[in-house]
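> Pasting a predicted model and its sequence here:
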Amino acid sequence: MGQSIMHGNMLTAMYFVRRLISNSYPNCSKLMRWRLKIMQNLYSEKKAAQVAAYFLFQAQGRLPVLKLMKLLYLAERRSYEMYGDPIIGDKLVSMDHGPVLSQTLNRINGMSSSEDNGWDAWIADREDHAVALRDGSRIRSPEQDLLELSEAEFEVLAETWKDFGHLSKYQIRDLTHKICPEWEDPEGSSVPITLEKLFEVLKFNNEQTRLLKKQLREQQAINAAFTSAA
């Protein structure tokens, strides 16, 4: 728990720095070249599980997979837009039903194993086309019990739920086709959404891009340090 609190406090501090440098965060043109390897280094199954648990808690414990995946993607996208950081650090992918977080979708579908206190600790196995909290009584309130998440990240999740939580699974799917121009119809396959493409859509400027590159490298180093210390 100490590591989670320390990580959350560090991200919250980074949030305040970014607020100072990102008052005009929309508008960017030239983008850094990152590889998918960077996204893999940033990925946190524990945070993916707790973000999913947050939305399931708001929905009284159960959501269609389609709606949950769209909420997760929109939260990740909003975090990039607001603070220049992902929450989960997942790979972004265009699929037939809209943009998704690839590794998290694989976990929902049982295509990867869960780490200790990761997905399986919070989320029950997929049943038909829905997922649910494994133990709803475990969450008294998200802020009390979802300790992997920072104050800034809770802000992103709350705004995402407020804007999209009332939509049906098909309404939110159709909306992502309209408001996420980085998505492209893969015609039955899947197409990676590169950070270059996302940042171009979000219109970051050159200086913001430079700062984001530095900050994401720092976050990679933090993640690596926590991983090696675990």
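Noted; the coordinates are in hand.
> The most centrally placed residue in the chain and residue 185: what is the separation?
Residue closest to the average C-alpha location in the chain (CA atoms, centre = their mean): residue 76, at 3.3 Å. Computed as CB to CB, to the nearest Å, the residue 76 to residue 185 distance reads 20 Å. Placement of C-beta: from N, CA and C, glycine included.
> just residue 139 next, same as before
According to CB to CB, residue 139 stands 37 Å off from residue 185.
> Same check on residue 221?
Distance from residue 221 to residue 185, by CB to CB: 37 Å.
> before we move on, back to that, any idea which helix or strand comes after the helix or strand containing the residue nearest to the centre of the chain?
For residue 76, the host element (DSSP states H and E) is helix 65-83. Helices and strands here follow DSSP H and E; after helix 65-83, the next one along the chain is strand 92-95.
> So what touches that next one?
Under the criterion CB atoms under 8 Å, 6 or more residues apart in numbering, residues 39, 73, 76, 99-102, 105, 182-186, 190-195, 198 lie in contact with strand 92-95.
> Which of those fall in helices?
39, 73, 76, 102, 105, 195, 198 (DSSP state H).
> Let me see the contact set for the most far-flung residue of the chain relative to its centre.
Within the chain, the residue lying farthest from the chain centre (CA atoms, centre = their mean) is residue 187, at 24.5 Å. The contact partners of residue 187, by CB under 8 Å, 6+ apart, come to residue 96.
> Distance of it relative to residue 205?
For residue 187, the distance to residue 205 - CB to CB - is 34 Å.
> Sketch out the strands for this protein, chain order is fine.
Along the chain, the segments classed as strands by DSSP state E run 62-64, 92-95, 98-101, 130-132, 191-192.
> of all those, which lies closest to residue 48?
strand 98-101 (7.3 Å; CB to CB).
> Kindly export that closest one (C-alpha atoms) in CSV.
Output of strand 98-101 as CSV, limited to C-alpha atoms (Å, rounded to 0.1, in the frame of the first residue of the first chain):
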residue,chain,number,x,y,z
GLY,A,98,-14.6,1.5,-31.9
PRO,A,99,-11.3,2.2,-30.1
VAL,A,100,-10.2,-0.1,-27.3
LEU,A,101,-7.4,-0.7,-24.8
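> ok, and for that strand, which residues are buried?
Within strand 98-101, the residues that qualify as buried by neighbour count (16 or more other CB atoms under 10 Å) are 98, 99, 100, 101.
> Average pLDDT for that strand, rounded please.
Per-residue pLDDT over strand 98-101 has a mean of 97.
> Could you find the closest non-adjacent residue to residue 90?
Closest residue in space to residue 90, ignoring its immediate chain neighbours: residue 101 at 3.8 Å, by CB to CB, 6 or more residues apart in numbering.
> show me what contacts that neighbour?
48, 69, 72, 73, 76, 88, 90, 91, 92, 93.
> hmm, try it at 7 Å
Residue 101 makes contact with 69, 72, 73, 76, 88, 90, 92 under the criterion CB atoms under 7 Å, 6 or more residues apart in numbering.
> about what we covered before: need the CA coordinates for the helix holding residue 76. PDB is fine.
Output in PDB follows, covering the C-alpha atoms of helix 65-83 (Å, rounded to 0.1, in the frame of the first residue of the first chain):
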ATOM      1  CA  VAL A  65     -18.100  -5.300 -21.900                       C
ATOM      2  CA  LEU A  66     -18.700  -3.000 -24.800                       C
ATOM      3  CA  LYS A  67     -19.600  -0.100 -22.600                       C
ATOM      4  CA  LEU A  68     -16.800  -0.700 -20.100                       C
ATOM      5  CA  MET A  69     -14.200  -0.800 -22.800                       C
ATOM      6  CA  LYS A  70     -15.400   2.500 -24.200                       C
ATOM      7  CA  LEU A  71     -15.300   4.100 -20.800                       C
ATOM      8  CA  LEU A  72     -11.800   2.800 -20.200                       C
ATOM      9  CA  TYR A  73     -10.600   4.200 -23.600                       C
ATOM     10  CA  LEU A  74     -12.300   7.600 -23.100                       C
ATOM     11  CA  ALA A  75     -10.700   7.900 -19.700                       C
ATOM     12  CA  GLU A  76      -7.300   7.000 -21.000                       C
ATOM     13  CA  ARG A  77      -7.700   9.500 -23.900                       C
ATOM     14  CA  ARG A  78      -8.900  12.200 -21.500                       C
ATOM     15  CA  SER A  79      -5.900  11.700 -19.300                       C
ATOM     16  CA  TYR A  80      -3.600  12.200 -22.200                       C
ATOM     17  CA  GLU A  81      -5.500  15.300 -23.200                       C
ATOM     18  CA  MET A  82      -5.700  16.900 -19.800                       C
ATOM     19  CA  TYR A  83      -2.300  15.900 -18.300                       C
END
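> No further questions, thank you.
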